[in-house]
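# Sequence and predicted model, in that order:
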2 protein chains.
Amino acid sequence: MKTSLSRDGYSQAGPIAPTVMVSCVDSAGKANIITLGMYMPISHDPPQVVIGVSPKRYSYDLIMKQGEFVVNSPGIGIAEKMHICGIKSGKDTDKWTEAGLTPVPAQKVRPPLIEECYGHIECEVVNMVTCGDHTLFVGEVVAASINAECLKDGKLNLEKAKPIAQKNWDYYTLTK
Amino acid sequence: MKTSLSRDGYSQAGPIAPTVMVSCVDSAGKANIITLGMYMPISHDPPQVVIGVSPKRYSYDLIMKQGEFVVNSPGIGIAEKMHICGIKSGKDTDKWTEAGLTPVPAQKVRPPLIEECYGHIECEVVNMVTCGDHTLFVGEVVAASINAECLKDGKLNLEKAKPIAQKNWDYYTLTK
């Protein structure tokens, strides 16, 4: 039997979401982190990804004005650190210190990589689209890197990386 | 140690993706299904989701011209049926017959729900954005429904639904 869902409850009928930790910088180069459940790759050639950010979030202005961000992929082992970066605001918190995360220089953009994440996708903003109460940022991928131990025959080794899937902000990893 | 990835390989540094089965119709009302790894919710109010579709796919024209689609969420138990709907083309295949799937009428749109999926999000296209070699369709949610047994305290019951996560088109479900 199918049960109708309310307008607010529609996402219960959907699949799980990935979670990523996006790093960005302000005009002085000070870096922030925002945890997002809205990420997807969109184009192979040129390589492009999209993220969704609410204009209410501190990171929104940083990404919009500086035009750069890094998508960092966390494993389930740092779920607690990731959660802190989702609930605190960069306006009054240094999330790097608060969550115990380490910034390392990126190859092509100013926002740093998060050392503790297994993968890093460096992006330049090429488009912005308002969708209701969020904004889609389209990022062109200018560099990408991964922890060497998480790569196997050119592909992500899920057993090493243990990527996170999320539903209702409860965190899981994958099994066959 | 971080290893650089090639332009083509960037997605290995990313997280997992959800998989959904999108139903759509042609001008005569004949329904097709396309399996997509590009889906995300984007707005709470109004409720909106985005999907990414290549203009090369048969379903692209159907969604663009008819302006409606349904996001159906499969459990791991129908992974094989889902896979068939990803590799065959609706141009020369009736995927409902080929995969053994059952169309049931939606509440608000012409594309049918896929009975065998646990959840259904009915959408009207409100925007289209070209992003490299794919197109983002922004859909406003006009109705949603879920298998009654997959709802627990108003939330998706993951143990019943067993939603699918995907990496490199290999399929997984979730574990703590």
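Done, it's in.
# so does stretch A:94-108 get close to chain B?
Yes - contact of stretch A:94-108 with chain B (Cβ under 8 Å from any Cβ of the partner chain) involves A:V104, A:Q107. Yep, even glycine has a C-beta here, placed from its N, CA and C like the rest.
# what sits against the residue sitting nearest the centre point of chain A?
In chain A, the centroid-proximal residue (Cα atoms, centre = their mean) is A:V20; its distance is 2.8 Å. Going by Cβ atoms under 8 Å, 6 or more residues apart in numbering or on different chains, A:V20 touches A:T35, A:L36, A:Y39, A:I51, A:V71, A:N72, A:S73, A:P74, B:G14, B:P15.
# Which one of these is nearest to A:I84?
Proximity of those to A:I84, judged by Cβ to Cβ, is greatest for A:T35, which lies at 8.3 Å.
# which residues does that closest one contact?
Residues in contact with A:T35, defined by Cβ under 8 Å, 6+ apart, are A:T19, A:V20, A:M21, A:V22, A:M82, A:H83, A:C85, A:G86.
# List the beta-bridge partners for the second one.
I take that to be A:V20. With DSSP bridges as the criterion, A:V20 is bridged to A:L36.
# pLDDT at it, what is it?
A:V20 carries a pLDDT value of 97.
# Distance check, it against A:Q166.
Counting by Cβ to Cβ, to the nearest Å, the gap from A:V20 to A:Q166 is 10 Å.
# just the first one next, same as before
For A:T19, the distance to A:Q166 under the criterion Cβ to Cβ works out to 5 Å.
# and for those two, which residues touch both?
Shared contacts of A:T19 and A:Q166 (Cβ under 8 Å, 6+ apart): A:G37.
# out of those two, which sits in the more crowded spot?
Applying other Cβ atoms under 10 Å in any protein chain shown to A:T19 and A:Q166 shows that A:T19 carries more neighbours, namely 25 against 19.
# returning to what we had before: TSV please, covering the contacts of A:V20 and showing secondary structure, pLDDT and distance to A:K65.
Shown next, in TSV, are those (DSSP: H, G, I helix; E, B strand; the rest coil; pLDDT from 0 to 100; distance: Cβ to Cβ, whole Å):
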residue	secondary structure	pLDDT	distance to A:K65
A:T35	strand	95	21
A:L36	strand	96	18
A:Y39	strand	98	21
A:I51	strand	98	16
A:V71	strand	98	19
A:N72	strand	98	20
A:S73	strand	98	25
A:P74	coil	97	26
B:G14	coil	97	25
B:P15	coil	97	26
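# just the buried members of those residues?
Among the contacts of A:V20, those buried by neighbour count (16 or more other Cβ atoms under 10 Å in any protein chain shown) are A:T35, A:L36, A:Y39, A:I51, A:V71, A:N72, A:S73, A:P74, B:G14, B:P15.
# show me the contacts for the last one.
Taking Cβ under 8 Å, 6+ apart, we find B:P15 in contact with A:P18, A:T19, A:V20, A:Y39, A:S73, A:G119, A:P163, A:I164, A:A165.
# quick one, what contacts the first one?
What it means is A:P18. Contacts for A:P18 (Cβ under 8 Å, 6+ apart) come out as A:37, A:39-40, A:73, A:163-166, B:14-18.
# Could you pull out the helices in chain A for me?
Ranges of helices in chain A, per DSSP state H, are A:58-66, A:79-87, A:95-99, A:158-161.
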